[in-house]
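J.: I need the structure of the sequence given here:
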Amino acid sequence: MIRFVVFLLLLALVLYAVFWAIDRRNSGGSEDPARPLPRGPLGPDDDEAFLRNLDREQRRTTDDPPPTSQETHEHPE
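T.: Predicted coordinates for the structure are as follows:
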């Protein structure tokens, strides 16, 4: 019975080591805190330029409402 438990422990250790090595290889092995992994693509709600442009568009539309149809007929350009 003891041999079976020791065999299972050794098998678990070997499997853990294999999967750990595969994981390190796939992640590039860069667990250095000085070099963080590059971030993935940003969503539009994380992009500073997109949010800035969205804010400008919203301010432009609220500050200067579009002319009504009556105003366009009174002052044709």
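
J.: pull the helix or strand with minimum mean pLDDT from the chain.
T.: helix 69-74 (a mean of 59; mean pLDDT, DSSP states H and E).

J.: which SS class is residue 46?
T.: Of the three states, residue 46 takes coil under DSSP: H, G, I helix; E, B strand; the rest coil.

J.: could you count how many residues lie near it?
T.: Neighbourhood size, residue 46 [other CB atoms under 10 Å]: 10. Just so you know, the C-beta spots here come from the backbone N, C-alpha and C atoms, and that holds for glycine as well.

J.: residue contacts, it?
T.: Going by CB atoms under 8 Å, 6 or more residues apart in numbering, residue 46 touches no other residue.

J.: and what of residue 45?
T.: Residue 45 touches residue 51, counting by CB under 8 Å, 6+ apart.

J.: hmm, try it at 10 Å
T.: 51, 54 (CB atoms under 10 Å, 6 or more residues apart in numbering).

J.: please report how far it lies from residue 51.
T.: Per CB to CB, to the nearest Å, residue 45 is found 7 Å from residue 51.

J.: same check, this time on residue 12
T.: Distance, residue 12 to residue 51, by CB to CB: 49 Å.

J.: what of residue 23?
T.: 36 Å.

J.: residue 13 and residue 27, how far apart?
T.: 21 Å.

J.: and for residue 3?
T.: 36 Å.

J.: quick one: average pLDDT of stretch 25-34?
T.: If you average the pLDDT over stretch 25-34, you get 64.
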